[in-house]
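> sequence plus the predicted model coming up.
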Amino acid sequence: MKFNHCLVFATIIFIACAPVKRGPVVKSIEAFEKEFSHHTGFVLFDPDNNEMLINYNGEKYFTPASNTKVLTLLTAIKTIGDSIPGIYYTEAVDSLMFWGTGDPSLLYEKLPSSAVFSFLNDTEKDLYFSSSNFYDDHFGPGWAWDDYNYTFSSEISPMPVFGNYLTVSKMAERDYLHLEQPYFKQFFWLGDSIKDDTEIVRDINSNNIIYFPSIKGRSFKEQVPFHYSDYLLTDLLSDTLNKRVTPVRKALPSDRKILRSIPADSAYRIMMQDSDNFIAEQLLLVAAGLLTDSLDAERAIEYSIEHYLMGIPDKPVWVDGSGLSRYNLITPRSMVWIWNELYKAVPPERLKSLLAVGGQAGTLKNYYRSTAPYIFGKTGTLSNNHNISGFILTKKGKLYIFAFMNNNYPVKAITVKRRMEQILWELHTNN
């Protein structure tokens, strides 16, 4: 099966194809591994013939980093449906009570406008919010504690708003800061010193934020995650909606209604192409809520392993939705198995639209460039670890699923990425 060079994924045709030239690929991988004294795994699979073509350390466990999002995608697709639940709610004569679903879309600049905002904004009933169905921690297992001030580590919450971060900027010619969410002005303090470069530092246990100006006086724009609490959420919603939202503690009833917010693919696309950690973590909560009534990522993971990953070659060690945790472990052949499940479950045109594309979209935009794209998939990077998995289209028009995983190299990531690019290009051109 191949993706047409004009429509890429949209049109599928069967053609005769010579067997893949395994020897040169394996020799290149062996030389690569020896050069950097790291751990490499590579698996190439033919989905049409259900045949493993290359298996180099395919049974070994690797830290997947953001390749973990492929597991999250499969779980979300099999659980959530065409649109994301925005809130659970009940109504009385003069009141509306709502619970979060984990939906990441409310006022998040990367996603379409959520139906939740207009729903809450238009009602004339008194608003009450309960987080009683949230049973998770605000950070995933094994996350680095000192990443809390960066948006790639935004807090997990039952009902995110603004992507759970604030945006602050300053023009060089102006003396004051600009906040896209004015509510957070109350938390800003001026630091006691001037730095070479601007620093915006939030206290780890509160929303107190210290601004250290730069001696260079340059323009800047930064995002800072805020520290979640039910009080902060309801106060922020009250300020944004210009109406009171009262926090309460009430169990999620069995007769609650669901308000859907945005098309699910719009969230999947940002998660997979831009490797958005926040969306990945929240989608796992959404899935958990639909499967168990509890916003608890561990429950979604357990369910997915038991039901969606039956038949996987090697059971993964899977602890979060995004891959920020180094506790996650998976084998290359299991990554290929998961991609094959997506390949069988999702129409080609839709699947292609969600993925990073070599030379064109997402985290692969500056890599694997070619006149016609030949790499479609997902990258995963942590310090000293870089992986890529997905689909490779050969020059002869054959589509394969692959996983190329590299852990514990002692050099800069760019060096490893370029060698991986060279190996995959040779596979593409010679087959």
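That came in fine, so what should we check first?
> what are the ranges of the helices in this protein?
22-36, 68-79, 115-122, 230-241, 264-273, 277-292, 297-303, 332-345, 348-354, 413-429 (DSSP state H).
> among those, single out whichever gets nearest to I258.
helix 277-292 (9.1 Å; CB to CB). Backbone N, C-alpha and C define where each C-beta goes, glycine included.
> report the distance from that closest one to the chain centre.
On the basis of CA atoms, centre = their mean, to the nearest Å, helix 277-292 sits 11 Å off its chain's mean C-alpha point.
> looking at the helices of the chain, which is closest to D203?
helix 230-241 (13.6 Å).
> now do that closest one: which elements does it pack against?
helix 115-122, strand 126-130, strand 245-248 (3 or more CB pairs under 8 Å, 6 or more residues apart in numbering; DSSP states H and E).
> please export the C-alpha coordinates of the first one as PDB.
Only the C-alpha atoms of helix 115-122 are listed here, as PDB (Å, rounded to 0.1, in the frame of the first residue of the first chain):
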ATOM      1  CA  ALA A 115     -18.800  25.800  23.100                       C
ATOM      2  CA  VAL A 116     -18.400  25.800  26.800                       C
ATOM      3  CA  PHE A 117     -17.600  29.500  27.000                       C
ATOM      4  CA  SER A 118     -20.700  30.700  25.100                       C
ATOM      5  CA  PHE A 119     -22.800  28.200  27.100                       C
ATOM      6  CA  LEU A 120     -21.600  29.600  30.500                       C
ATOM      7  CA  ASN A 121     -21.600  33.100  29.200                       C
ATOM      8  CA  ASP A 122     -25.200  33.000  27.800                       C
END
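> residues in contact with that helix?
86-87, 96, 98, 103, 105-107, 127, 237, 241, 245, 259-262 (CB atoms under 8 Å, 6 or more residues apart in numbering).
> contacting residues around N208?
Applying CB under 8 Å, 6+ apart, the residues near N208 are F187, W189, R202.
> how about the contacts made by the second one?
Under the criterion of CB under 8 Å, 6+ apart, the neighbours of W189 are N208, I209, I210, Y211.
> so what are the domain limits for the chain?
2-78+267-429, 79-266 (automatic domain parsing).
> mean confidence for the shortest one?
Summarised as a single mean, pLDDT over domain 79-266 is 96.
> and the residue of the chain most remote from its centre, how far from P253?
The C-alpha centroid of the chain is most remote from V93, which lies 39.7 Å away (CA atoms, centre = their mean). Remark: distance between V93 and P253 (CB to CB, to the nearest Å) = 17 Å.
> surely E341 touches L73?
No: using CB atoms under 8 Å, E341 is not in contact with L73; the gap is 10.3 Å.
> and these two? Which one has more around it.
L73 (24 against 18; other CB atoms under 10 Å).
> tell me the spacing between G359 and S66.
19 Å.
> again but with Q181, I slipped
Counting by CB to CB - Q181 and S66 are separated by 27 Å.
> go on, G362?
In terms of CB to CB, G362 sits 11 Å off from S66.
> which of the helices of the chain sits closest to R369?
helix 413-429 (9.0 Å).
> from G41, how far out is L329?
12 Å.
> who touches both of the two?
In contact with both L329 and G41: F62, using CB under 8 Å, 6+ apart.
> pick out whichever of these two has more residues nearby.
For L329 and G41, the more surrounded residue by other CB under 10 Å is G41, and the numbers stand at 25 against 19.
> partners of that one in the sheet?
Note on G41: beta-bridge partners by DSSP bridges are M405.
> show me what contacts it?
Taking CB under 8 Å, 6+ apart as the test, what G41 contacts is Y56, N57, G58, K60, F62, T331, P332, A403, F404, M405, N406.
> which one of those sits closest to K417?
N406 (9.1 Å).
> and the closest one, how many neighbours?
Neighbours around N406, by other CB under 10 Å: 28.
> go on, D239?
The number of residues near D239, taken as other CB under 10 Å, comes to 14.
> ok, and the closest non-adjacent residue to it?
Y183 (4.6 Å; CB to CB, 6 or more residues apart in numbering).
> tell me the buried residues in stretch 156-176?
Neighbour-count burial for stretch 156-176, counted by 16 or more other CB atoms under 10 Å, picks out 156-168, 170.
> circling back: neighbour-wise, which of G359 and S66 wins?
S66 (26 against 16).
> pull the contacting residues for the more buried one.
S275, N277, S322, G323, K378, T379, G380, T381.
> and the contacts of W189 as JSON lines, adding distance to Y368?
Converted to JSON lines, those look like this (distance: CB to CB, whole Å):
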{"residue": "N208", "distance to Y368": "44"}
{"residue": "I209", "distance to Y368": "40"}
{"residue": "I210", "distance to Y368": "42"}
{"residue": "Y211", "distance to Y368": "40"}
